[in-house]
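[1] Fold the following, please.
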Amino acid sequence: RALPTQRRSLYPRCHFPATMNTLMRARVVTPSVCAASAPTRRVASKLGFAKTQAAKSRKTTTTRASAPTDTASTSRRAHLASVALAPLAAALVVTAVPPPALADTECTECSNSNSSLAPGDVPFQQSVSGARFADLRVGDGAKPLPGQTVVIEWVGYTAGYQAKKIENSRETDTPFVFVVGAGTAIPAFEEAVLEMKQGGFRRIEIPGELEEKLAYSRDKSQRYTVGPEPSTFGGKRTLDFVLDNKTLKDFNRTLLFDIRLSNIRK
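    Residues are numbered from 1 along each chain as shown. Below you'll find the model as predicted:
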């Protein structure tokens with residue numbers, strides 16, 4: 001049976017619904033039990049709060065007392081770790097330095113096409129002067145003699161720098177004509193022609209480190225006192241760029257010529 005409403009308000013800590021005993025047939029807590037238990041719960045609550053505060057105070061005191069020790073211990077460990085890892089860090093710094101790039105070093109084989117021949121390619125033969133020659137086809141005519149005029153068809157390339165074409169005399173219809181031994185052709189041409197037969201094809205490779213000795217002067221005013229001189233603006237600009245560019249290495253100035261001894265004038 002439910003408690004009267006006016007009596008229920010006297011016991012605020014007894015929380016039970018008014019219809020519990022009738023629905024569940026459970027034992028009803030009397031107001032006297034509720035009245036007796038309310039002060040007990042209040043006392044227990046106060047005691048528990050006090051114990052919790054005391055525990056927190058002890059924990060804070062212990063933490064503050066141990067803080068200097070922990071800090072000192074951590075500092076010692078960090079120092080020992082840094083000392084132990086110092087050699088490893090130094091080794092990593094040494095190995096992390098990249099090797100010098102190929103463009104920053106002198107390449108001894110970059111101007112030698114024999115180092116990169118494909119199967120079936122004709123190898124170059126190096127002469128005493130340092131020029132390299134490869135006979136692509138041996139002619140069946142006579143050899144020129146000093147003082148004779150020769151007619152040369154030629155194609156030139158900047159082999160050491162992007163392999164750009166300088167000129168093709170067949171495209172421009174301007175063969176190179178010179179007198180053998182007169183000093184009007186670059187030395188590599190003079191040397192190559194003397195060993196050719198009329199109708200023959202020969203490939204000439206001029207190493208970049210010997211370019212000024214075997215080909216053109218670095219002095220612009222003296223450069224084209226010898227031939228062959230490119231007849232087009234584009235061809236001359238291509239050759240001049242390679243010879244005048246001071247940022248290039250010597251092997252970048254390697255030149256390649258394919259020549260044909262088409263005629264010998266008597």
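[2] quick one, what contacts the residue nearest to residue 186 when sequence neighbours are not counted?
    What sits nearest to residue 186 in space, not counting adjacent residues and going by C-beta to C-beta, 6 or more residues apart in numbering, is residue 215, at 4.7 Å. For the C-beta atoms, the positions are set from N, CA and C on the backbone; glycine is no exception. Residue 215 makes contact with 186-188, 206, 255 under the criterion C-beta atoms under 8 Å, 6 or more residues apart in numbering.
[3] top of the residues you listed by neighbour count?
    residue 206 (29 neighbours; other C-beta atoms under 10 Å).
[4] Show the contacting residues for it.
    131-132, 188, 214-215, 254-257.
[5] quick one: the nearest residue to it once chain neighbours are set aside from residue 183, how far?
    Counting by C-beta to C-beta, 6+ apart, residue 255 is the residue found nearest to residue 206 once chain neighbours are left out, at 4.5 Å. Separation of residue 255 from residue 183 (C-beta to C-beta, to the nearest Å): 19 Å.
[6] What separation do you get for residue 137 and residue 224?
    Residue 137 sits 29 Å away from residue 224, going by C-beta to C-beta.
[7] nope, residue 129 is what I was after
    To residue 224, residue 129 is 21 Å away according to C-beta to C-beta.
[8] Residue 130 too?
    For residue 130, the distance to residue 224 - C-beta to C-beta - is 22 Å.
[9] and residue 233, how many neighbours does it have?
    Counted with other C-beta under 10 Å, residue 233 comes out at 8.
[10] What of residue 220?
    Using other C-beta under 10 Å: residue 220 sits among 11 other residues.
[11] same check, this time on the one 3 residues further on
    Burial measure for residue 223: 18 neighbouring residues, criterion other C-beta under 10 Å.
[12] Surely it is in contact with residue 212?
    No. Residue 223 lies out of contact with residue 212 (C-beta atoms under 8 Å); the separation is 9.9 Å.
[13] Quick one: the strands in the stretch 151-266 of the chain, in order.
    Here the stretch 151-266 of the chain has its strands, by DSSP state E, counting those that start in this stretch, at 164-168, 176-179, 201-206, 255-265.
[14] Please work out which of those is packed deepest.
    strand 201-206 (a mean of 22; mean count of other C-beta atoms under 10 Å).
[15] That one - what's its average pLDDT?
    Strand 201-206 comes out with an average pLDDT of 96.
[16] who does that strand pair up with?
    Strand pairing for strand 201-206, using DSSP bridges, gives strand 132-137 (antiparallel), strand 255-265 (antiparallel).
[17] contacting residues around the longest one?
    This points to strand 255-265. 113, 136, 139, 141-142, 144, 148-160, 163, 175, 188-189, 192-193, 196-206, 208, 211, 215, 242.
[18] sorry, back to before: who has more neighbours, residue 137 and residue 224?
    Higher neighbour count among residue 137 and residue 224: residue 224, with 15 against 12, using other C-beta under 10 Å.
[19] Just list the residues touching that one, thanks.
    residue 216.
[20] Tell me the buried residues within the contacts of strand 255-265.
    Using 16 or more other C-beta atoms under 10 Å as the burial test, these include 113, 139, 144, 150-160, 175, 188-189, 192-193, 196-206, 208, 211, 215, 242 as buried.
[21] so of these, which ones are in helices?
    If you go by DSSP state H, those have 188-189, 192-193, 211, 242 in helices.
[22] ok, the residues you listed vs residue 125, which is closest?
    residue 192 (11.2 Å; C-beta to C-beta).
[23] sorry, back to before: save the contacts of residue 206 as JSON lines, and put in pLDDT too.
    Formatted as JSON lines, those follow (pLDDT from 0 to 100):
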{"residue": "131", "pLDDT": "95"}
{"residue": "132", "pLDDT": "95"}
{"residue": "188", "pLDDT": "96"}
{"residue": "214", "pLDDT": "95"}
{"residue": "215", "pLDDT": "95"}
{"residue": "254", "pLDDT": "94"}
{"residue": "255", "pLDDT": "96"}
{"residue": "256", "pLDDT": "96"}
{"residue": "257", "pLDDT": "97"}
